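[1] only geometry, no sequence info:
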Ligand SMILES: [Zn+2]
Ligand SMILES: [Zn+2]
Ligand SMILES: [Zn+2]
């Protein structure tokens, strides 16, 4: 990160004023306010949000405008070079905007080691800056900025993409990088809106609002393009009947990774692959399966047989796999491609069984065969017992009686 772009002073350029109804940020430590007030000559600063120098925010907005321009498919086809500049400028925007927010919290937070911070280093821009990863942690833990795990992951990947670009040139798949960049862009637009706008003076706020409006339009174009591609890929997968063997792609997180599909240029050495229709990333099938195999031990230290497929007995049953044909994550066997919605352990040996076939308390075949047969049930007559009607089969037949038969003249 270049320090010049983030090295804003914390002193407001003009005397801060607040008008009723202005958004007052939740985050500002009293010490930070006192510190800032110490730097200010009389008249004493009115209470209210600390003011941010606009240049770093404007700088960040400029970077983002460039990102949108490079990724907007309605303008022109996005080339690998576009993606490269998008990534570089997006990361620059992340760094400058995060620093601006940290400055609003407390100026020492933009130093790698806040304990060693000096005003002189800040003012001369000779400080050793907070790393992007540190910045995320401080924003979350100190400034109370909400950054979801998914957003933190997208930020981390962006930083990785940028480093790869800087050190090895462009090696990664442009489509995957593009999709990830869109995610960060979306996050940053919200970040400026909710985390930086409240610290700006009204005039700067207006300018920022205009900048954000343009960015949102650009982001809409990018997203609409991504959506359009997704729709096309979706209908292709449906027509080809491969939805039940299309799973989530680890690179772009879309459910567009088709198993047993070779990349357009298969790597030397052969092997079986899965290839993503959205971002063109491809994975060797064995490596891919490992991502979904859960730990083999449960909380009590017991052995869990969740890896073993109940159908083919291969050690390849993935857990929580998003498959295109299913609305919920399922168990998916990477060996026989079966989808299993619910499993339960065999009542005898604990082996995983498919509940839809064997029921909720299943018993596998070996356990079924080895089971002690139940004691013989007491013999029950399958028909009604003559004894129920007072007959005694052991009794001698009664002696013939004439009265048993109707005689002429008797009433029926
Ligand atoms: Zn992908
Ligand atoms: Zn299987
Ligand atoms: Zn069993």
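    Looks like it came in fine. Since the structure is predicted, the reported quantities are computational estimates derived from the model, not experimental observations. Ligands and ions are numbered 1, 2, ... in the order given.

[2] Write out the residues of the protein neighbouring ligand 1.
    For the chain, the residues in contact with ligand 1 (C-beta under 5 Å from the ion) are 249, 251-252, 276, 278-279, 281. C-betas here are computed from N, CA, C, even on glycine.

[3] Which members of those residues are classed as buried?
    By neighbour count, with 16 or more other C-beta atoms under 10 Å, these hold 249, 251-252, 276, 278-279, 281 as buried.

[4] Show me which of the residues you listed is closest to ligand 2.
    Closest to ligand 2 out of those is residue 249 (21.5 Å), distances taken as C-beta to the ion.

[5] quick one: the strands in the stretch 251-400 of the chain?
    257-258, 273-276, 282-284, 317-321, 330-333, 339-340, 343-345, 352-354 (DSSP state E, counting those that start in this stretch).

[6] Name the stretch among these that sits most buried.
    Mean neighbour count (mean count of other C-beta atoms under 10 Å) peaks for strand 257-258 among the strands of the stretch 251-400 of the chain, with a mean of 25.

[7] Including pLDDT and distance to ligand 3, could the buried ones among the residues of the chain next to ligand 1 go into TSV?
    Formatted as TSV, those follow (pLDDT from 0 to 100; distance: C-beta to the ion, whole Å):
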residue	pLDDT	distance to ligand 3
249	92	35
251	84	38
252	81	40
276	91	38
278	84	41
279	79	42
281	84	39
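
[8] from those residues, which is closest to residue 349?
    Nearest to residue 349 out of those is residue 249 (C-beta to C-beta; 35.6 Å).

[9] That closest one contacts residue 261, correct?
    No. Residue 249 lies out of contact with residue 261 (C-beta atoms under 8 Å); the separation is 11.8 Å.

[10] buried ones in whichever helix or strand residue 121 is part of?
    Assigned by DSSP states H and E, residue 121 belongs to helix 119-123. Under the neighbour-count criterion of 16+ other C-beta under 10 Å, helix 119-123 has residue 122 buried.

[11] try stretch 352-366
    352-355, 358, 362-364.

[12] and those near ligand 3, which?
    Applying C-beta under 5 Å from the ion to the buried residues of stretch 352-366, one finds that residue 364 fall near ligand 3.

[13] mind putting the strands of the stretch 251-400 of the chain in CSV, distance to ligand 2 included?
    Putting the strands of the stretch 251-400 of the chain into CSV (distance: least, C-beta to the ion, whole Å) gives the following:
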stretch, distance to ligand 2
strand 257-258, 18
strand 273-276, 16
strand 282-284, 18
strand 317-321, 7
strand 330-333, 3
strand 339-340, 9
strand 343-345, 12
strand 352-354, 10
